[in-house]
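# got a predicted structure plus its sequence, pasted below:
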Amino acid sequence: MLFNPQLERRYLWDNLFASATWIATGLAILVLLVLLADVLLDGSPRLSWQFITSLPSRKPELAGIAAALGGSIWLLVLTALIAFPIGVGAGLYLEEFSIESWWSRLIEINISNLAGVPSIIYGLLGLQVFARWMQPLTGGRSVLTGALTLALLVLPVIIVSTREALRTVPDGLRQAGFALGATRWQVVSAHVLPLALPGIMTGTILALSRAIGETAALITIGALTFVPFIPNNPTSPFTALPIQIYNWVSRPQQGFHVNAAAGIIILMVVLMMMNATAILLRNRFQKTLT
Amino acid sequence: MQSPTAVLSARSVSVYYGSSLAVRQVSLDIPRGEIVAFIGPSGCGKSTILRCFNRMNDLVASARVEGQITYNDRDLYGPKVDAVAIRSRIGMVFQRPNPFPKSIYENIAFGARINGYRGNMDELVEGSLRRAALWDEVKDKLRDSGLALSGGQQQRLCIARAVAIQPEVILMDEPCSALDPISTLRIEELIKELSGDYTIVIVTHNMQQASRVSDRTAFFNAEATDAGSKVGYLVEYDRTERIFHEPAQEATRDYVTGRFG
Ligand SMILES: Nc1ncnc2c1ncn2[C@@H]1O[C@H](COP(=O)(O)OP(=O)(O)OP(=O)(O)O)[C@@H](O)[C@H]1O
Ligand SMILES: [Mg+2]
């Protein structure tokens, strides 16, 4: 016998490895479940329409999340409006238009590096550039300043995911377009972008869900912790969900801790809605390619 | 073999990818209205030369073309020649069928639209699909995705798409290599029908196909250089009967009779 398949031993390793991965997954889910259960137990009694629609107050049972939720939605929309066109444009340029050179490689490396920069650094940059230098435009520590800062923060992620989505478009399609006498923009706009768009949207939404949970950068640029109103224009002062939660947690009264738990539930619901949208879009994407 | 009716004519064309020479010193004429087959072992530069004819090599950043190619007696790589305009006169069909992931109708209409077609689009779509012998199979599902067709149908759709913008030349790079024998025969018939109205250059690894469809055949081969890489060159170019029955070169005879290598 030249071969000794040792099937039993190989299957043993298979099973061992499968169990190891199963335990790893199980542990991760368990930790998550405990956290979730804890928050839900603490916060769900406080969840009510009154909580969602009330402004902050000195009395925990009167205080609500409206100002923070409104501020976060403002931030989300403005950040998307700023970061999406710039990020997608930059990704398109790097992937479809630029010619490979030391210059384009330098930009590429730096974008990957930027994705790893701690958010507080972006906060400091935003504080100096948007809140101080550009104060006449942004109104200082405003929701616009916050959105510009968060846009910087998520831009590298949007650029990278745009490029990844563009790379999944088969090259044969581009060739087919060029061979019919299409210009590069005609090829990109008619064939490449429509196919890549769901992937780009998925990446953008995931990037934005990073923005909505962001706290450090916003605190740095001076988002306030007590804002008794919902911003009604981009230059208005603001607060956001994570900041409001942080503020409540740091209060001594038990009632505010319950509010914080309820706030966390709201933040999680917003996040889960965004992720669900991303998954829906991705599924649609896979369907169109096959 | 200078002929007055050459649509495309290559003179001492060498192509480099980066610093490595891929094909050297190719000279040949493509006569108007004829079908020319390119045969030869893998890697000898058939696709490379083919892509020079519609300047698809411009899209490969590292590619560099030396020598001269003329298209209707004008320098194809001259300073005033626009590659985009050239590609709408010299169409291309690829090895793997690559319809756009859009409707069959839209697959045909796209090229016409970007090239400023002002006639009746429905007629153009029908006419092009008829030319590609696909009309009867798809006339009831023009709004369906081009990707829902079989491989052979997809390739005929790609041919219809190329024909729709009424080019002068159609370049085909192994158009049947991903297809079954029956689809292959249908495409071959189609190619023969298109000849006369169009000049066709077809790359193929199938000897019978070259001898069945083409008027002229160019045999390419590759030889090792001192540096260890391979360089392609044109061995022999003649009427197809001569290439297959009385070639001038020993290497050609060996290749077409399958005694190669
Ligand atoms: N984009 C490219 N970049 C670098 N080298 C390339 C590129 N395309 C082709 N080559 C090289 O050029 C040479 C000729 O390739 P080409 O594709 O023209 O051969 P071919 O005759 O079409 O082969 P096949 O019959 O396998 O399609 C090969 O050595 C190949 O490695
Ligand atoms: Mg080839």
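Ah, there it is. Ligands and ions are numbered 1, 2, ... in the order given.
# what's residue A:92 in contact with, if anything?
Shown in contact with residue A:92 (C-beta atoms under 8 Å, 6 or more residues apart in numbering or on different chains): A:162, A:166, A:188, A:193. In short, each C-beta sits where N, CA and C put it, glycine included.
# so which of those residues is the most crowded?
Of all the contacts of residue A:92, the highest neighbour tally under other C-beta atoms under 10 Å in any protein chain shown goes to residue A:162, namely 28 neighbours.
# that one should be in a helix, yeah?
Yes. The assignment for residue A:162 (DSSP: H, G, I helix; E, B strand; the rest coil) places it in a helix.
# ok, now how distant is it from ligand 1?
25 Å (C-beta to the nearest ligand atom, to the nearest Å).
# residue B:96 now?
To ligand 1, residue B:96 is 12 Å away according to C-beta to the nearest ligand atom.
# and that residue, that one's in a strand?
No. Using three-state DSSP, the assignment for residue B:96 is coil, not a strand.
# which one is it nearest to, not counting chain neighbours?
residue B:178 (5.5 Å; C-beta to C-beta, 6 or more residues apart in numbering or on different chains).
# residue B:100 too?
Leaving aside its sequence neighbours, residue B:100 sits nearest to residue B:107 (C-beta to C-beta, 6+ apart; 5.3 Å).
# ok, residue A:177 next?
residue A:187 (3.7 Å).
# to what extent is that neighbour buried, counted in neighbours?
20.
# quick one, strands of the stretch 101-250 of chain B?
Using DSSP state E, counting those that start in this stretch, the strands of the stretch 101-250 of chain B run over B:169-173, B:199-203, B:216-224, B:230-239.
# need those in a markdown table with distance to ligand 1, mean neighbour count and mean pLDDT, can you?
Putting those into a markdown table (distance: least, C-beta to the nearest ligand atom, whole Å; neighbours: other C-beta atoms under 10 Å in any protein chain shown; pLDDT from 0 to 100) gives the following:
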| stretch | distance to ligand 1 | mean neighbour count | mean pLDDT |
| --- | --- | --- | --- |
| strand B:169-173 | 7 | 25 | 95 |
| strand B:199-203 | 6 | 26 | 95 |
| strand B:216-224 | 6 | 21 | 92 |
| strand B:230-239 | 6 | 19 | 93 |
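# circling back to that earlier point, isn't the residue nearest to residue B:100 up against residue B:98?
No. Counting by C-beta atoms under 8 Å, residue B:107 does not reach residue B:98; the two are 10.1 Å apart.
# number of nearby residues for residue 159?
I went with chain A, as the question did not name one. Neighbours of residue A:159 using other C-beta under 10 Å come to 29.
# ah, no, chain B please
Residue B:159 has 26 neighbours, counted by other C-beta under 10 Å.
# grab the nearest non-local neighbour of it.
residue B:132 (4.7 Å).
# with residue A:261 instead?
Nearest residue to residue A:261, sequence neighbours excluded (C-beta to C-beta, 6+ apart): residue A:43, at 3.1 Å.
# quick check: phi and psi at the residue in chain A that chain B sits nearest to.
With C-beta to the nearest C-beta, the shortest gap between chain A and chain B falls at residue A:181, namely 2.9 Å. Phi and psi for residue A:181, reported as degrees, to the nearest 10, are phi 90, psi 30.
# same check, this time on residue B:67
Per-residue torsions, residue B:67: phi 90, psi -170 (degrees, to the nearest 10).
# and it, what pLDDT?
Note on residue B:67: pLDDT of 93.
# for the helix or strand where residue A:77 lies, which residues meet the burial criterion?
Using DSSP states H and E, residue A:77 falls within helix A:66-92. The neighbour-count check on helix A:66-92 (16 or more other C-beta atoms under 10 Å in any protein chain shown) flags A:66-76, A:78-80, A:82-84, A:87-88, A:90-92 as buried.
# quick one: contacts for residue 158?
You didn't say which chain, so I picked chain A. By C-beta under 8 Å, 6+ apart, the residues touching residue A:158 are A:83, A:84, A:87, A:88, A:91, A:200, A:203, A:204, A:207.
# correction: the question concerned chain B.
The contact partners of residue B:158, by C-beta under 8 Å, 6+ apart, come to A:176, B:93, B:94, B:97, B:98, B:99, B:175.
# could you redo the last one with a cut-off of 7 Å?
Neighbour list for residue B:158: B:93, B:97, B:98, B:99 [criterion: C-beta atoms under 7 Å, 6 or more residues apart in numbering or on different chains].
# which among those residues gets closest to chain A?
The closest of these to chain A turns out to be residue B:98 (C-beta to the nearest C-beta; 3.7 Å).
# isn't that closest one up against residue A:174?
No. In this structure, residue B:98 is not within contact of residue A:174 by C-beta atoms under 7 Å, at 9.3 Å.
# quick one, which of these two is more surrounded?
More neighbours surround residue B:98 than the other of residue B:98 and residue A:174, with 24 against 19 (other C-beta under 10 Å).
# now that one: closest residue in space that isn't a chain neighbour?
residue A:172 (3.7 Å).
# what about stretch B:29-48 and chain A, any contact?
No. Judged by C-beta under 7 Å from any C-beta of the partner chain, stretch B:29-48 and chain A are separated, with a smallest distance of 11.7 Å.
# state the distance from residue A:281 to residue A:65.
Distance of residue A:281 to residue A:65, given as C-beta to C-beta, to the nearest Å: 28 Å.
# between those two, which has more neighbouring residues?
residue A:65 (26 against 18).
# and the nearest residue to residue B:248 once chain neighbours are set aside, bridged to which residues?
Once flanking residues are discounted, residue B:248 sits nearest to residue B:236: 5.9 Å by C-beta to C-beta, 6+ apart. When bridges are called by DSSP bridges, residue B:236 pairs up with residue B:219.
# which residue does the stretch 1-150 of chain B have closest to chain A?
Here the stretch 1-150 of chain B gets closest to chain A at one residue, residue B:88, 2.9 Å apart by C-beta to the nearest C-beta.
# how about the contacts made by that residue?
By C-beta under 7 Å, 6+ apart, the contact set of residue B:88 is A:180, A:181, B:115, B:165, B:167.
# can I get these in a markdown table with neighbour count, pLDDT and distance to ligand 1?
Shown next, in a markdown table, are the contacts of residue B:88 (neighbours: other C-beta atoms under 10 Å in any protein chain shown; pLDDT from 0 to 100; distance: C-beta to the nearest ligand atom, whole Å):
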| residue | neighbour count | pLDDT | distance to ligand 1 |
| --- | --- | --- | --- |
| A:180 | 26 | 95 | 21 |
| A:181 | 23 | 93 | 21 |
| B:115 | 19 | 93 | 27 |
| B:165 | 22 | 93 | 25 |
| B:167 | 24 | 94 | 21 |
